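Chemist: dropping a prediction and its sequence here:
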Amino acid sequence: MPKNDLYLKALAGEPVPRPPVWMMRQAGRYLPSYLKLQEKYDFFTRCETPELVAQITCLPIDEIGPDAAILFSDILVVPRALGWDIEMKPGVGPVIDKPISSVDDAMRVRKGDVQESLGYVMDGIRATKDQLDDRVPLIGFSGAPWTLLCYMIEGQGSKDFAKAKAFCYQHPEAADHLLSLLTDVIIDYLNAQVEAGVHAVQVFDSWAGLLGPDDFNTLAMPWLKKISEEVKGVPVVLFAKGAWYALERLAWRTNASALSIDWTVSPEYARQATRREVTLQGNFDPSRLLSPIPEIRKQVKRMIDRFGKDRYIVNLGHGILPNIPVDNARAFVDAVKGYGA
Ligand code: CP3
């Protein structure tokens, strides 16, 4: 059991002296010590080398001091394990070679053996656990089926993922096949992470907000529900970004311990929709970390007052932005640590 167990207590719904804090995407992007490694090793080499995974995962723990570590990896290691070549292009983001463009392409995808093809992630987890030495809990993660399907069809990032959505409307059976297959792969993958030692897992459905409530019910909800039920042994956190309308359903009909929410949802609305059923995580607007530091402190306190200190994990509403000064990130974390003092 990690010495600092605030995050695990909050997930279990146990009372805490102050809420735990960590930041989505805390292990990369904005940290000068990370950017130096970026010059030396390409992206997937960083993900595949256990010593680098451990080193990068621990950078924010040493430099910023959050109450949990998130494994350094990426959601796109899953499509990569299924056979796609993916390049992480600086300034562009992920670019997938030969994205799915036909029913035949979709039907040809096979599940394969995750333990084997993603074994390097589990090696990374074990190396990270050694280096963390039980200071804080380690969070494992995966992309959600819908978000992974978006990239696998679109081939790269997009503001509306129109191609991916069109594919689902034109070929619902092929989409269903892919989502179901991805769900099975993700369940195996997350259970393997649990076996390797992560203390909790988070599922990133970063593009859930592109779906209306009805489409969410077919393209996202059933798969998130199944994942939450079939990952065993640790709490599951779901982050369906933008899907504020689904909070109630996610709280009551899935087995999630916590829901992560973005900054477009008020704490009062999120609490009312989910009542005491789940822990909530979020939801500081990442851009607000560019405010003057006294203002960050004030806003953090106000946010905790509104969510309440229990059943709450302080976080951002999405990943930290690359242009955030380290001092501002530290001020965010320190403001939480000083809460109630
Ligand atoms: O804290 C961490 O950084 C932990 C590791 C982590 C990364 N990606 C490393 C990364 C995590 C948890 C992710 C999740 C991820 N990856 C998501 C879901 C969360 C979210 O932000 O919505 C998504 C959609 C991706 C896909 C992805 N990976 C994109 C779109 C990009 C390019 C733009 C960007 O976000 O920076 C990446 C690249 C990536 N993944 C970087 C890092 C640190 C930056 C590139 C680099 O370091 O070379």
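Modeler: Structure's in. What do you need?

Chemist: the closest residue to the ligand within the stretch 101-250 of the chain - how many residues pack around it?
Modeler: Scanning the stretch 101-250 of the chain for proximity to the ligand using C-beta to the nearest ligand atom identifies Ser206 as nearest, at 3.2 Å. The way it works is simple: take the backbone N, C-alpha and C, and place the C-beta from them, glycine included. By other C-beta atoms under 10 Å, 23 other residues sit near Ser206.

Chemist: residues in contact with it?
Modeler: Neighbouring residues of Ser206 by C-beta atoms under 8 Å, 6 or more residues apart in numbering: 75, 143-144, 147, 239, 241, 318.

Chemist: near the ligand, from these?
Modeler: Among the contacts of Ser206, the residues that sit close to the ligand (C-beta under 6 Å from any ligand atom) are 75, 318.

Chemist: out of the contacts of Ser206, which are inside helices?
Modeler: Among the contacts of Ser206, the ones falling in helices (DSSP state H) are Thr147.

Chemist: got the contact list for the helix or strand encompassing Tyr34?
Modeler: Tyr34 is located in helix 32-40, with elements delineated by DSSP states H and E. The contact list for helix 32-40, computed with C-beta under 8 Å, 6+ apart, reads 27-28, 46, 52, 55-56, 59, 63, 326.

Chemist: give me the pLDDT for the closest residue to the ligand within the chain.
Modeler: Of all residues in the chain, the one sitting closest to the ligand is Gly28 (2.5 Å; C-beta to the nearest ligand atom). In this model, Gly28 is scored at 89, pLDDT.

Chemist: which of the three states applies to the residue nearest the centre of the chain?
Modeler: Among the residues of the chain, the smallest C-alpha distance to the mean C-alpha position (C-alpha atoms, centre = their mean) belongs to Phe204, namely 4.1 Å. With DSSP: H, G, I helix; E, B strand; the rest coil as the basis, Phe204 sits in strand.

Chemist: what sits against it?
Modeler: Phe204 makes contacts with 75, 141-144, 147, 239, 241, as judged by C-beta under 8 Å, 6+ apart.

Chemist: just the ones of the residues you listed in strands?
Modeler: Residues from the contacts of Phe204 lying in strands, with DSSP state E as the criterion: 141-143, 239.

Chemist: mean confidence for the longest helix that the chain contains?
Modeler: Counting residues, the longest helix found in the chain (DSSP H) is helix 172-196. Computed over helix 172-196, the mean pLDDT rounds to 98.

Chemist: picking that back up, mind giving me a markdown table with the contacts of Phe204 and columns for distance to Ala270 and pLDDT?
Modeler: Conversion of the contacts of Phe204 to a markdown table gives the following (distance: C-beta to C-beta, whole Å; pLDDT from 0 to 100):
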| residue | distance to Ala270 | pLDDT |
| --- | --- | --- |
| Ile75 | 24 | 98 |
| Phe141 | 21 | 98 |
| Ser142 | 23 | 98 |
| Gly143 | 23 | 98 |
| Ala144 | 19 | 98 |
| Thr147 | 21 | 98 |
| Phe239 | 13 | 98 |
| Lys241 | 13 | 98 |
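
Chemist: got CSV for these, with neighbour count too?
Modeler: As requested, the contacts of Phe204 are exported to CSV (neighbours: other C-beta atoms under 10 Å):
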residue, neighbour count
Ile75, 19
Phe141, 21
Ser142, 26
Gly143, 24
Ala144, 28
Thr147, 25
Phe239, 28
Lys241, 23
